[in-house]
Structure formats: structure tokens, C-alpha cells
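[1] Output the structure for:
(chains A and B)
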Amino acid sequence: MTRNGDLVAGIALLIFGIAWTVTVYLTVPTGYGVGPRVFPLWLGIALSALSLLLLFNSFKPEASIDENTNAESSDSGKAPSLWLQFRTLVTVCGTIAVYGYLMQAIGFVPSTVLVVAFTLFVTLKERRPLVLLGMSFGLAFGAWFAFGKILGAYMPPGTLISIF
Amino acid sequence: MDLLLSAAQVALSPAALLAVVLGCLLGVVFGAIPGLTFTVAMALVVPMSFSLDTAPAIGLLLGTYIGGMTGGSVSAILLGIPGTPSAAATVLDGYALTRRGKASLALGTAVVASAFGGLVSLVVMVVSVDLVARIAMQFGPAETFGLLIFGLSTICGLSQKSLTKGLIAGVLGLLIMTIGIDEMEGVQRLTFGTIVMQQGISLLVAMIALFAVPHVIDAFVQYYSNKKQLNASADVRAELPSLKDLGRDFWLMLRCAILGTGIGAIPGTGGPIAAFLAYAHAQKSSKTPEKFGKGEMAGVVAPETANNAVTGGAMIPLLSLGIPGDPATAILLSGLLIHGLIPGPMLFIQNPGEIYQIYLAIIVAYIAVVFIQLLGIRFFVQLLRVPAHLLAVGIVIMCGYGAFAIRNSVFDVVSVAILGALSYGLARVGIPLTPIILGLVLGPSIEREFRTAMILSDNNLDIFYTSIPAAFFIGLSILIVGLQVVRSMRGPFKSSMTETESDASVQPK
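    Numbers count the residues shown, from 1 in each chain, chains lettered A, B, ... in the order given. All right, here's what the predicted structure looks like:
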């Protein structure tokens, strides 16, 4: 953990904490006694105060803290770049979100085949046909059988097309 | 007795047995693969248990928990990498035994020690859990509030390197759970007028996002960074230790089982600390301490017994007080809640049959784990060869479907994606994820009990210090937090407890 990381986290959480506190104050009624406003309001204030503390600590000299973390980083070799992490985060979370919409639209099996194939081919640059086909269809039908048939869970059939 | 027999009929039905075995298998697989912790498995399994009856659902969850705790030893012994943080102490002698060509015996001994530790802790749990629940039954809202605050103070133990960050995480968890309709006055809080937000953030959505999504992102990042994967030798089987060997280690196993149960019963501790304490105890009490670290079998027996004994210990506060001690029991708690079982003193009055089902499921799970590990070790070795990024693709699917299955809602899937991204960001800046879960789980109860106590006392705070149990628990919590504050002011904060299962895969950089 770098000092810059603490600084960014402190600022982001402070903004969030203040926004939360103001929103609660403006939108949640006080109620009777310890009403519905008290807990979220005081939690917002607590978050803001702790974020300020984090922000304050981020200005302390680097050597005073997290020596262990630095050691871990050096042990594990070169740390992945921030851009790589951000790109992967967007890809993975985007894929999950799109998977939700696809599942509803075209059903579990087709959407799973598409999402697995996309993740392997585009995200992981997998080019072996056996792996691509095997994993896409294997995961889709394997999950469909395990969850739908064995566990009896609801498998979305699809609103636009319905194959299974 | 009738209750036990009828519970046995349900808990030992084919469906329940199959669920326990399936859970154990999943747990062992997730526990065995480094980075793929069984906490992730449990977060993914809970939504899958929706369609099951209560007994199979309990079996599936407990099987995953117990299987995962034992599975960590496989990669610890074969690769020298603990599958779970609980198995970290096993590496010291387990991997040394593998290098000496005794991997099969080490694996077999680890399985037997795990089952022994788990079953001894179950006996202790059965004896003590009812007693603790009887005491807790006398508690009113003020005392329960004190108890819950004490449970929340374990955040200090889960804070890893920075107390401030641990507290931030805990507050975030508490804060998220205030979204939705206030259960006491029916007022909307931070819903922004939307219907989907009225139900609040689903605990399961949060758990999948916190545990599984960061793991997937991390696996892909490691793949892009071209990190090499260690491969285990395929020529391995699990070889049971002889009766003579077991007899020699019996007292050590018993001592470590009791130690593990005691540690597990303290919220915020967990498997890693129990395993290392047991390892240190075994070394101290050995006639040949110099052999430890070079391939001493007692160095595998002690930590494996202790870390599995933690399962029974952790169930004591969970079942009797409704306080989860670690991320895995927090997920277990949410799973039980979904199936209508509310852990706490009243559970023993309202659901005595289900209590027996839980006990039986634990026994079955430990027996199943022994057979699964003995028979399936070659399969697990092959699984250790599957690249982590390909396994992560499967987890993406489970994340998406698991979230969808909660309420058949795309909103939950999108929530997983958004919260998952935020979780990864928090983990990267060193904010631990486990206290968030503790806040999520305990938050609603803390608010409800506090407000009820205040209504009873006509808005007078006296109620919290005139009641001896309430004052005791609140005082204890203040003491714990105060001591940690003093420690962190003296020097770099180091968690006295454990690196948790959930946060192990995503380390701050």
C-alpha cells in the first residue's frame, strides 16, 4: 500500500461519507426517540472522521508503516500495473453485468456459452478450439445440469428466445 | 430422543447426504486450490441452496465449510502453498515431508487429524452450546446490544495491518445495511424513490461481490502478469497412518483439538492462529523439537487437528449467540437465516430438530471428507494443474448465476458487478473486506436492539450501564478497541489474530 493509495482512498471515502451524511440528514425523517435517521447519520459521520484520519496518516513518513507489505511486494516480483488492474476490473465486472442481461434475454445456456467463449477468446486470448468449445459448452451444460436438474434451481429460460 | 430420531431421519435422507457430500467435495476443491478459498465457495453455494429443503441446504453449507477447512492441507503438503491461510502452519513440515518422499503418508495423516479435530470440537460444541444459549436467553435488548457490540469489536482482530482501515471497513458494512425500508418505523432510507432499493442490498449479493469478484479479477491479473503456476506431482495417493503412529500422536491430537476449539470459540480469531499455536505447542512438547520444519509428522498433525477443531468452536458463538467469528461462519449465518433458522438463544427453543440436524450434518461431513480425500486425492492433484485463470472463468459464471438466482433479478447481477469493482478497489488500497461482512451481518441486529432498548428505557442511556452483562460486554469491547488503538499508536499495526480467508487472494500493493 503506497501513501498515494491511502491519500486517494481517504479523499474518496471522505467525499462519500460527507455526501452520505448530508443525504441522510435531508431525506430521512427523525422519527420518535432514536429514530430511523440516527444510525445512518452517525455512521456517515464516523466514516467521514475515519477517512480524515486515514488522510492524515497518509502524510506520515512512508517508512513508519507497512514495511511488511513492501516486503511482500518485492517477494512476489514486479507488481501488476495499475492500468492492467483497471482494465481487468472493467472487463470482469462488465462481463458479469452483461451476463445478467443476456441471461434474462436469451436464457441460461446460450448466454453462458456466449459469455464463457467471449471471456476466453477476447479477455484471455485463448485460441485453442478444444478449450474454447469444451469450456463454453461444458460449463453451460454442466451448470445447467447441476443447478437446474440436480438441485432443482430456477434456470432463466429467456424472454427473447427460449431454447432450454 | 424422539427429536433426535426424527432429525436423523431427515439429516440422513439421501438428499441430505448427497448435499453434504457435494458440499464437502466443493469445499475440498476450493480449499485445495491456492487462492481459491472455501469462503468464495460458500458465497457461491448459498444462492444454490435456495431451492433445497432445509436439511440438504444446511448439509450443503456445512459440507462446504468443513471440506474447505480440510482441503487447504492438500496444496500445503504437495506444493508448499497453503490452500487456505488455516493451512499455512501445515506447510512447514508437510512440504518437507513431500520432499522426503512421504507426501502420501502426510496427506493421509492430515486427513485423519482433521477429522479427529473436527469431531472432538463437535463434542465440545454440543456440550457447551446449549449452556451458552441458556445464559443468553436471559438477555434483553440492552444485553444483546452489548453482546453484538462485543462481536463487532472483533473487527480489531480482522483488521490486518491498519486499525483505521479495519474500522472504515466495519462502518461501510454497517452503513450499507441501513439502505432500504427501516424495519421499525417503515421509513425509506436512501432508496432514492426506487422500488428495487426498498429491499436494501441483499447480503448474498454483497458476499458474492466481496469474496468472489476480487478473486476473479486477481486471477486474471496474475495471468496477464505471466505468473508461473506450480504443478504438483501426479504420482500421489493418500496413505493412512498406522495405528501405532496414531496412538503415538493421540494425546497431541487431543490437546490440539481442545486448543483449536477454544480459539475457534473466540470471535475474530480463526484457523490460522489456532494452527500456529498448535504447531508451537507440538514443537515445545516434543522430545525432538529440532526435527520440526524438516519433515516431522507431528508438525502436520498438530496444525491440522487444531484448524479443523476451530469449526466446532466457531459454531458455539454462531449458534448460541448469533455471532459469526469469521467470514465463513458469517456466510453460514446468512445461509441459515435464508432457510428460516435464526441463530441465537431462541434457535434452541424454536428449532430443536434443526439443531440436531446440524450436529448430524457435521458428523457426516467429517466422515465424507475422510473418504473424499482418501479416494479423490489423485483427482485433486490433477485439479491443482488446471490454470487458475480458467477456473476463474467458471467462477464468473457462478457469480452471475448465483446473483441472479437470489431474486431472479438482473438488478442483483449488476449490483454484484458494481460492488465487486468497489470491493477490488478497497482491497487494493489495503482496506480489509472481512470487517465489511461483519458489519453487514451484525448491523441490522445492532440497530434493532439499540433502538428497542432505548424505547424500553424511555430514551435513557442508563439501561446500558445499569445492566451488568450489558456493561460488561460494552466495557470489554471498549477495552479491546482501546488496546488496539494504543498498540497502533506505538508502532505499525499488526493484527494479533489472523489473515482472513477472504482477503488472502487480493493483497494491497
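
[2] Would you mind listing what in the stretch 51-200 of chain B touches chain A?
    B:51-52, B:161-162, B:164-165, B:167-168, B:171-172, B:174-175, B:178, B:182, B:184-185, B:187, B:189-190 (CB under 8 Å from any CB of the partner chain). From N, CA and C alone the C-beta is placed, and that goes for glycine too.

[3] Just the buried residues of those residues.
    With neighbours counted by 16 or more other CB atoms under 10 Å in any protein chain shown, those contain buried members at B:52, B:161-162, B:164-165, B:167-168, B:171-172, B:174-175, B:178, B:182, B:184, B:187, B:189-190.

[4] Go ahead and flag the most central residue of chain B.
    Geometric centre of chain B, nearest residue: residue B:328, 2.1 Å, by CA atoms, centre = their mean.

[5] And chain A, by the same measure?
    Central residue of chain A (CA atoms, centre = their mean): residue A:93, at 6.3 Å.

[6] What's the separation between residue B:96 and chain A?
    For residue B:96, the distance to chain A (CB to the nearest CB, to the nearest Å) stands at 20 Å.

[7] Show the backbone phi and psi for the closest residue to that residue other than its chain neighbours.
    Excluding its sequence neighbours, the residue lying closest to residue B:96 (CB to CB, 6 or more residues apart in numbering or on different chains) is residue B:295, at 3.8 Å. Phi and psi for residue B:295, reported as degrees, to the nearest 10, are phi 110, psi 40.

[8] Not counting its own residues, what contacts the one helix or strand residue B:262 maps to?
    Applying DSSP states H and E as the criterion places residue B:262 in helix B:243-264. With contact meaning CB atoms under 8 Å, 6 or more residues apart in numbering or on different chains, helix B:243-264 is reached by B:109, B:112-113, B:116-117, B:120-121, B:124-125, B:269-271, B:273-275, B:277-278, B:281-282, B:285, B:297-298, B:301-303, B:305-316, B:325.

[9] Go ahead and build a ChimeraX selection from the buried members of the residues you listed.
    If you want just the buried ones from the contacts of helix B:243-264 in ChimeraX, going by 16+ other CB under 10 Å, the selection is:
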select /B:109,112,113,116,117,120,121,124,125,269,270,271,273,274,275,277,278,281,282,297,298,301,302,303,305,306,307,308,309,310,311,312,313,314,315,316,325
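
[10] for chain A, what spans make up the helices?
    A:3-27, A:38-57, A:67-75, A:82-106, A:108-118, A:129-143 (DSSP state H).

[11] Residue B:75 touches residue B:30, doesn't it?
    No: contact criterion CB atoms under 8 Å: residue B:75 and residue B:30 do not qualify, at 11.2 Å.

[12] For these two, work out which one has more neighbours and name it.
    Per other CB atoms under 10 Å in any protein chain shown, whichever of residue B:75 and residue B:30 has more neighbours is residue B:75, with 30 against 27.

[13] if I look at the more buried one, how far off is residue A:120?
    Using CB to CB, to the nearest Å, one gets 25 Å for the distance from residue B:75 to residue A:120.

[14] Among the contacts of helix B:243-264, which lie within helices?
    Members of these lying in helices (criterion: DSSP H): B:109, B:112-113, B:116-117, B:120-121, B:124-125, B:271, B:273-275, B:277-278, B:281-282, B:285, B:298, B:301-303, B:305-316.

[15] tell me the domain ranges of chain A?
    Structurally, chain A divides into domains by automatic domain parsing as follows: A:3-75, A:82-150.

[16] Just put the ones you listed in CSV and tack on distance to residue B:424 and mean pLDDT.
    Compiled in CSV, those are given as follows (distance: least, CB to CB, whole Å; pLDDT from 0 to 100):
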stretch, distance to residue B:424, mean pLDDT
domain A:3-75, 13, 82
domain A:82-150, 6, 91
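
[17] of the ones you listed, which approaches chain B most closely?
    Nearest of those to chain B, taken as CB to the nearest CB: domain A:82-150 at 2.7 Å.

[18] start to end distance for the closest one?
    42 Å (CA to CA, to the nearest Å).

[19] Does that domain reach chain B?
    Yes: using CB under 8 Å from any CB, we find that domain A:82-150 touches chain B at A:84-85, A:88-97, A:99-101, A:103-104, A:108, A:112, A:115-116, A:119-120, A:123-124, A:131, A:135, A:139, A:143, A:147.

[20] In ChimeraX, how would I select the buried members of those residues?
    With 16+ other CB under 10 Å as the criterion, this ChimeraX line picks the buried residues out of the residues of domain A:82-150 next to chain B:
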select /A:85,88,89,91,92,93,95,96,97,99,100,103,104,108,112,115,116,119,120,123,124,131,135,139,143,147
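
[21] Excluding chain neighbours, give the residue nearest to residue B:116 in space.
    residue B:253 (5.1 Å).

[22] Just the ones in strands from the buried ones among the residues of the stretch 51-200 of chain B next to chain A, please.
    Counting by DSSP state E, these place residue B:189 in strands.

[23] Show only the entries of the buried ones among the residues of the stretch 51-200 of chain B next to chain A found in helices.
    B:164-165, B:167-168, B:171-172, B:174-175.

[24] can those go into JSON lines with extra columns for pLDDT and distance to residue B:332?
    Output for these, formatted as JSON lines (pLDDT from 0 to 100; distance: CB to CB, whole Å):
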{"residue": "B:164", "pLDDT": "88", "distance to residue B:332": "29"}
{"residue": "B:165", "pLDDT": "90", "distance to residue B:332": "25"}
{"residue": "B:167", "pLDDT": "90", "distance to residue B:332": "25"}
{"residue": "B:168", "pLDDT": "93", "distance to residue B:332": "25"}
{"residue": "B:171", "pLDDT": "94", "distance to residue B:332": "24"}
{"residue": "B:172", "pLDDT": "94", "distance to residue B:332": "22"}
{"residue": "B:174", "pLDDT": "92", "distance to residue B:332": "20"}
{"residue": "B:175", "pLDDT": "92", "distance to residue B:332": "23"}
